[in-house]
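S.K.: Structure for this input, please:
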Amino acid sequence: MLLRDFLPLFLIVVDVDSSDRACSYQDVLNYLNLSKNNELFSLTRPVRDFRKPTEVYLEVLLYAILDVREIDQTFVPYVWIVVEWQNDYISWDPRNFCGIKNVTIPTDILWKPDLTIEEMYVYV
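M.R.: Next up, the predicted model:
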């Protein structure tokens with residue numbers, strides 16, 4: 001008999017906990033199958049039933065006043081606009097992706113609501 005016939009066989013079973021699993025934002029994007037060529041996300045309003053309205057939340061934050069024109073009684077603001085809505089086609093279970101709840105997606109591949117900000121002068 002040879003020595004190799006007596007070598008023990010070890011079987012190592014490793015249970016990988018989901019908290020130890022490596023996750024990335026790219027995993028979420030791959031799951032969503034987002035691509036610049038996928039027009040599903042950009043051409044139409046993102047609802048599964050056309051009768052369902054899309055509620056759009058708009059927040060305008062005055063970040064700075066860049067200029068004050070005393071003669072015209074106006075000012076030049078620098079504003080941040082935050083827009084939020086539900087997209088029925090873009091969702092995932094955060095438990096499957098290490099708790100990732102938000103990802104950043106380029107806006108050119110998504111549907112965006114038509115918003116118009118009009119300036120209004122009020123003279124007193």
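
S.K.: Once you drop chain neighbours, what's closest to Asp88?
M.R.: What sits nearest to Asp88 in space, not counting adjacent residues and going by C-beta to C-beta, 6 or more residues apart in numbering, is Arg48, at 4.8 Å. To be clear about C-beta, it is placed using only N, CA and C from the backbone, and glycine gets the same treatment.

S.K.: Look at the one you found and report its pLDDT.
M.R.: The score at Arg48 is 89. That number is its pLDDT.

S.K.: Phi first, then psi, for Gln30.
M.R.: Careful, residue 30 is Asn and not Gln. In terms of degrees, to the nearest 10, the main-chain angles of Asn30 are phi -60, psi -40.

S.K.: Count the residues that sit near the closest residue in space to Leu110 that isn't next to it in sequence.
M.R.: Excluding the flanking residues, the one nearest Leu110 by C-beta to C-beta, 6+ apart is Phe41, at 5.4 Å. Applying other C-beta atoms under 10 Å, we find 19 residues neighbouring Phe41.

S.K.: quick one on the thing from earlier: hang on, the residue nearest to Asp88 packs against Ile90?
M.R.: No - Arg48 lies out of contact with Ile90 (C-beta atoms under 8 Å); the separation is 12.0 Å.

S.K.: lowest average confidence, helix or strand, in the protein?
M.R.: helix 25-32 (a mean of 87; mean pLDDT, DSSP states H and E).

S.K.: which stretches of the chain have low pLDDT?
M.R.: Within the chain, the stretches with pLDDT under 70 are 1-21, 35-38, 40, 121-124.

S.K.: Might you report the residue contacts of Leu110?
M.R.: Going by C-beta atoms under 8 Å, 6 or more residues apart in numbering, Leu110 touches Phe41, Ser42, Pro46, Asn87.

S.K.: Settle it for me: which of Arg48 and Ile90 has more neighbours?
M.R.: With neighbours defined as other C-beta under 10 Å, Arg48 and Ile90 compare such that Ile90 has more, 14 against 7.
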